[in-house]
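Student: Need coordinates for the following:
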Amino acid sequence: MRHFTTRNRFFQLLFSGLMLLAAPLSAQTIYLYCGRIIPISGEPQTAVTLVVENNVITRIDRGYAVAPNGVQVIDLKGKTVLPGLIDCHVHLEFEQNRNSYNERFIFNEADIAFRAAVYARRTLEAGFTTVRDLGGSGVNIALRNAINAGWATGPRIIAVGKALSITGGHGDPATGARWDLFDIPGPEMGIADGPDECRTAVRNQIKRGADCIKVCATGGVLSLARDGRLPHYAADELETIVKTARDLGVDVAAHAHGDEGMRRAVEAGVVTIEHGTFMSDATMDAMIKHGTWYVPTMTAGFAVSDSAKYAPGFFPEVVRVKALEIGPQIQATTTRAYRKGVKIAFGTDAGVYPHGKNNLEFIFMAQAGMKNTEILRAATLDAATMLHLQDKIGSIEAGKLADLVAVDGNPLDDIKAMTRVTFVMKDGKMIVNK
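Tutor: Okay, the predicted model is just below:
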């Protein structure tokens, strides 16, 4: 005769519940009737049925296939369907505003996290199913984990945690504050000087869960340091950062506005140059030689230039002076880099401007002279390749994840169609259907 205590009964019920959760789910099948698809890896097609099972594209059928009884059908016959979009440069933890420079004295990490979840959802609803978050307080790693666990809704996040910076550089949180308000930040906070501290800083970010490393190779625009262009890391420091990251299996992205710091970062082996504002032809040649990607972020550049010109008091004076020339300069550099043959991946620096407006970058890229087909590729398959995710996302192919967006119009003819997103699916789950 068996006797169950209350505790034993609790564990029996708990075990039964866990077994139920572990049981295989029956396949959920969805048929999507697409007026046009731009698969990226092949030629555009009209009147196509995409068959999605759970989170994977399993078939691509010509015409509108008859769906079996009980299968959900989504009618996108009047739309153009593309792979889920990828933004390779966002900051989900913040959104620039008149009070941004006071937030570090007011906000706790919990405040940042709740707000970041709102920005993440807004980004996904704009059609961006994957993003690379290039730095914040480290909440971006927790947000990535929450989305992966299903606790929050947002894009797939490749996160760097905290960006690496020299003391007093673009990423130093104590710059511009009263000296006694902050402890002196060190490698654990991403502030590193000299090869040894750089090595420790890289290892600390990876220990905390970073998918990649970002280094501020030059000064920046929005930080309170007066320098925006000068090199901030010596060649041996950059080489140490890249080698340490590679040893631990991750890439390095380099924030860079000035040419000298940019060139050092390219020679050290970083995978991407972010912004690249004052990039020389020689640095472009070096990027082509080393296979370095360029992520221009024109939307953010024009946003800060406009705020500096037309919104008195929006920025502190030290920032306003740096911000005035950035937008047009980045676009001119993008034109030159594109004509030279530098590899370009889509990135916007969202957070410097309002999240959810990422699609404006498509228009700026077209204004820089890029062909529509290559703009779309930069935001899909090329971005996925740069992130080493090309086997999972970036094109509409059988066997890839069901990350899909639909837009009004044909972006091959009019790139502005990319600002009219009407349907978003991530991992086989419908997020937006207008």
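Student: Distance check, Asp111 against Phe182.
Tutor: 18 Å (CB to CB, to the nearest Å). C-beta here means a position set from N, CA and C on the backbone, and glycine is covered the same way.
Student: between the two, who's got more neighbours?
Tutor: It is Phe182, of Asp111 and Phe182, that has more neighbours when counted by other CB atoms under 10 Å, with 15 against 12.
Student: Just want the phi and psi numbers for the nearest residue to the more buried one once chain neighbours are set aside.
Tutor: The shortest distance from Phe182 to any non-neighbouring residue, by CB to CB, 6 or more residues apart in numbering, is to Ala174 (4.2 Å). When quoted as degrees, to the nearest 10, the phi and psi of Ala174 stand at phi -90, psi -10.
Student: Near Ala174, how many other residues are there?
Tutor: So Ala174, with other CB under 10 Å, has 18 neighbours.
Student: per-domain residue ranges of the protein.
Tutor: As recorded under automatic domain parsing, the domains making up the chain are 29-84+395-433, 85-386.
Student: need the contact list for the residue nearest to Phe182.
Tutor: The contact partners of Ala174, taken as CB atoms under 8 Å, 6 or more residues apart in numbering, are Leu181, Phe182, Ile184, Pro185.
Student: My guess is the last one contacts Gly171. True?
Tutor: No: the criterion here is CB atoms under 8 Å, and Pro185 misses it with Gly171 at 9.1 Å.
Student: Tell me where the stretch 1-150 of the chain has helices.
Tutor: Assigned by DSSP state H, counting those that start in this stretch, the helices in the stretch 1-150 of the chain fall at 6-22, 103-106, 109-125, 139-149.
Student: One more: the stretch 251-400 of the chain?
Tutor: Using DSSP H, counting those that start in this stretch, the helices of the stretch 251-400 of the chain run over residues 259-268, 281-290, 298-310, 317-323, 326-340, 360-367, 372-378, 381-386.
Student: Let me have these in TSV, extended by mean neighbour count.
Tutor: TSV is the format used below for those (neighbours: other CB atoms under 10 Å):
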stretch	mean neighbour count
helix 259-268	24
helix 281-290	17
helix 298-310	21
helix 317-323	18
helix 326-340	20
helix 360-367	21
helix 372-378	21
helix 381-386	23
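Student: pLDDT on the lengthiest strand in the chain, on average?
Tutor: Counting by DSSP state E, the longest strand found in the chain is strand 72-83. Here strand 72-83 scores 98 as its mean pLDDT.
Student: what's it in contact with?
Tutor: Outside strand 72-83, the residues that touch it by CB under 8 Å, 6+ apart are 29-40, 47-48, 50, 64, 67, 376, 380-381, 393-396, 400, 403-411, 417, 422-423, 430, 433.
Student: Measure how far it is from the centre of its chain, please.
Tutor: On the basis of CA atoms, centre = their mean, to the nearest Å, strand 72-83 sits 25 Å off its chain's mean C-alpha point.
Student: Now do the buried residues in it.
Tutor: For strand 72-83, burial by neighbour count (16 or more other CB atoms under 10 Å) applies to Ile74, Leu76, Lys79, Thr80, Val81, Leu82, Pro83.
Student: Out of the contacts of Ala174, who's the most crowded?
Tutor: Ranked by the number of neighbours (other CB under 10 Å), those place Pro185 first, at 18 neighbours.
Student: Would you mind measuring from that one to Asn102?
Tutor: Separation of Pro185 from Asn102 (CB to CB): 19 Å.
Student: what's the answer for Ile166, then?
Tutor: 24 Å.
Student: between those two, who's got more neighbours?
Tutor: Ile166 (24 against 10).
Student: one step back: show me the contacts of strand 72-83 that map onto strands.
Tutor: Among the contacts of strand 72-83, the members found in strands (DSSP E) are 29-37, 47-48, 50, 404-407, 422-423, 430, 433.
Student: Can you find the helix or strand of the chain with the lowest average pLDDT?
Tutor: Lowest mean confidence among the helices and strands of the chain (mean pLDDT, DSSP states H and E): helix 6-22, at a mean of 48.
Student: rewinding a little: what residues are shared contacts of Pro185 and Gly171?
Tutor: Ile191.
Student: Contact partners for the residue nearest to Asp413 when sequence neighbours are not counted?
Tutor: Excluding the flanking residues, the one nearest Asp413 by CB to CB, 6+ apart is Asn372, at 7.6 Å. By CB under 8 Å, 6+ apart, Asn372 lies in contact with Ala366, Pro411, Leu412, Asp413, Ile415.
Student: which residues touch Thr334?
Tutor: Thr334 touches Tyr294, Pro296, Met298, Ile344, Phe364, Met365, Ala368, Met370, counting by CB under 8 Å, 6+ apart.
Student: do that again at 6 Å, thanks
Tutor: Pro296, Ala368 (CB atoms under 6 Å, 6 or more residues apart in numbering).
Student: same thing with Pro44?
Tutor: Ile38.
Student: Recalculate using a threshold of 8 Å.
Tutor: By CB under 8 Å, 6+ apart, the contact list for Pro44 reads Arg36, Ile37, Ile38, Leu412.
Student: And these, which two are furthest apart?
Tutor: Ile37 and Leu412 (11.5 Å; CB to CB).
Student: quick one: which of the two has more around it?
Tutor: It is Ile37, of Ile37 and Leu412, that has more neighbours when counted by other CB under 10 Å, with 26 against 16.
Student: got any ranges where this structure has weak pLDDT?
Tutor: Counting by pLDDT under 70, the chain shows low-confidence ranges at 1-26.
Student: Narrow the ones in strands among the contacts of strand 72-83 to those that are buried.
Tutor: 29-37, 48, 50, 404-407, 422-423, 430.
Student: Okay, and Met425 sits in which element?
Tutor: Per DSSP states H and E, Met425 falls inside strand 421-426.
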